[in-house]
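Asks: any chance you could fold what I've pasted below:
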Amino acid sequence: MTVVGVGSDLRGDDAFGVEVARALLAEGAPAGAAVFDAGVAPENYAERIALASPQTVLVADAARFDGAAGELKVLDPEELGWQTVGTHAPSLELLADYLARRCGAKTVLLACQPGANALGEAMSEVVRGAVARAVAALRRALTAG
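Replies: Next comes the predicted model:
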């Protein structure tokens, strides 16, 4: 599996995905797993992700899905439509389409319901907790294969 963290450090809870990726990278990604901190332009990482030959790409990102702030949900954007899941939807849709065509990868979204995401705001404690929960769950899943 490949994990792609998406988001902006400048917008509080929007940094959920990049913080997940950074934590996984800081601890050392499990063998056989690739992790990318793609920031606000995940499409720029498309070829590097494809070269990892993933079957599944998990994109971690803040997305509004009518949950409580800090709630995590795994979403299948192919079923829901990308436009319903987050602010980075257009670039994620391009990335998912490219990876499906280039290497047959399926893309899923690990979404975190943001609370605060105004420009210059710090990440909320509830989303910081969600980052820790997501990293622990991903580490277990990646280690188990």
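Asks: show me where this structure has its helices.
Replies: 16-27, 46-51, 77-80, 89-103, 125-144 (DSSP state H).
Asks: how about the ones you listed in a markdown table, adding mean pLDDT, distance to residue 33 and mean neighbour count?
Replies: In this view, the C-beta of every residue, glycine as well, is placed from N, C-alpha and C. Formatted as a markdown table, those follow (pLDDT from 0 to 100; distance: least, CB to CB, whole Å; neighbours: other CB atoms under 10 Å):
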| stretch | mean pLDDT | distance to residue 33 | mean neighbour count |
| --- | --- | --- | --- |
| helix 16-27 | 96 | 8 | 22 |
| helix 46-51 | 96 | 12 | 16 |
| helix 77-80 | 63 | 21 | 13 |
| helix 89-103 | 85 | 16 | 17 |
| helix 125-144 | 95 | 4 | 16 |
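Asks: and the ones you listed: which comes nearest residue 2?
Replies: Proximity to residue 2 (CB to CB) singles out helix 46-51 among the helices of the chain, at 5.8 Å.
Asks: what are the contacting residues of that closest one?
Replies: 2, 4, 34, 36, 57, 94, 95, 98, 99, 102, 103, 105 (CB atoms under 8 Å, 6 or more residues apart in numbering).
Asks: between the residues you listed, which sits nearest residue 13?
Replies: Comparing these against residue 13 with CB to CB places residue 4 closest, at 17.9 Å.
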